[in-house]
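[1] need a structure here:
(one chain, ligands or ions: 2)
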Amino acid sequence: MTDIEDSETDESSCGCKLGRVADKYDLSGLDNDLIAYWTGDADEQLSTRQLATYVNQQILSAALANADIPPREGEIENTYRLLTDDDVSSGTRVQTRNELQRDGVPVEQVESDFVSHQTVYNHLTKCLETELEKPSDEEQLERSREKLAALQNRTEAVTSDTIARLDRKDLIDIGEFNVTVSVTVTCEECLQEYTVRELLDERSCNCQSQS
Ligand SMILES: [Zn+2]
Ligand SMILES: [Zn+2]
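    Numbers count the residues shown, from 1 in each chain. Ligands and ions are numbered 1, 2, ... in the order given. As a prediction, this is how the structure comes out:
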């Protein structure tokens, strides 16, 4: 009920969403970990997408600890997957939410505290003024995914506007309509088709990975 974020001004807090949830869940040392993992100073280098998962699992872990749920091996990873993975059925997700709620975890609040990879990226580059000298492979794939998705969205928006304008001027005639843009990449060696997303996720055509 009371907004502690306003009354408590922590010097280390940057005020962005990530800074606020780090304070809220007492994730001390998070900034150093984020920088180390992102820049590759840690044992492994993680992309901002992987770092968002890392942060969100820490949030979930803190929330379970706050509800006095004893930690179990692999539980955080699994629960996080059940809450967020596209491959999980909505029935399973609802069940997971209900169980957490029953165990005293404010699951809606926790989910709304989850951060996106864009938030992680902004926090690293703007709040922590970190830069990557050499972006990792995963980072480069991520930037490309984003760029192409934005392009696709823009094509859809411009097409939609244009069709609507022509329709208003009675130059064309159409009912309610919906514009979909999908870009397909075809491997000429085996004729397998991929959406851009699939190809960037798989990173290799089946015919290439078998050789
Ligand atoms: Zn920040
Ligand atoms: Zn192929």
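
[2] so L18 makes contact with V120?
    Yes. Counting by Cβ atoms under 8 Å, a contact exists between L18 and V120, whose distance comes to 6.5 Å. In short, each C-beta sits where N, CA and C put it, glycine included.

[3] overlap of the contact sets of those two?
    A shared contact of L18 and V120, defined by Cβ atoms under 8 Å, 6 or more residues apart in numbering, is any residue touching both; here these are V55.

[4] ok now the helix ranked longest in the chain, how far from the chain's centre?
    Selection of the longest helix in the chain by residue count, based on DSSP state H, yields helix 137-168. Taking Cα atoms, centre = their mean, to the nearest Å, one finds the center of helix 137-168 at 19 Å from the center of the full chain.

[5] and if you look at stretch 185-202?
    Here the centre of mass of C-alpha atoms in stretch 185-202, compared against the chain's by Cα atoms, centre = their mean, lies 23 Å away.

[6] just the CA coordinates of it, formatted as CSV?
    Extracted C-alpha coordinates of stretch 185-202, given in CSV (Å, rounded to 0.1, in the frame of the first residue of the first chain):
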residue,chain,number,x,y,z
VAL,A,185,14.6,-17.5,-46.3
THR,A,186,15.1,-20.5,-48.6
CYS,A,187,18.2,-22.6,-48.6
GLU,A,188,18.9,-23.1,-52.3
GLU,A,189,20.7,-26.3,-51.7
CYS,A,190,17.9,-28.2,-50.0
LEU,A,191,14.9,-25.9,-50.6
GLN,A,192,14.1,-25.8,-46.9
GLU,A,193,12.3,-22.6,-46.0
TYR,A,194,12.8,-20.7,-42.8
THR,A,195,11.3,-17.6,-41.2
VAL,A,196,14.0,-15.2,-40.3
ARG,A,197,13.3,-15.9,-36.6
GLU,A,198,13.7,-19.7,-37.2
LEU,A,199,16.9,-19.3,-39.1
LEU,A,200,18.5,-16.9,-36.5
ASP,A,201,17.4,-19.3,-33.7
GLU,A,202,18.6,-22.5,-35.5
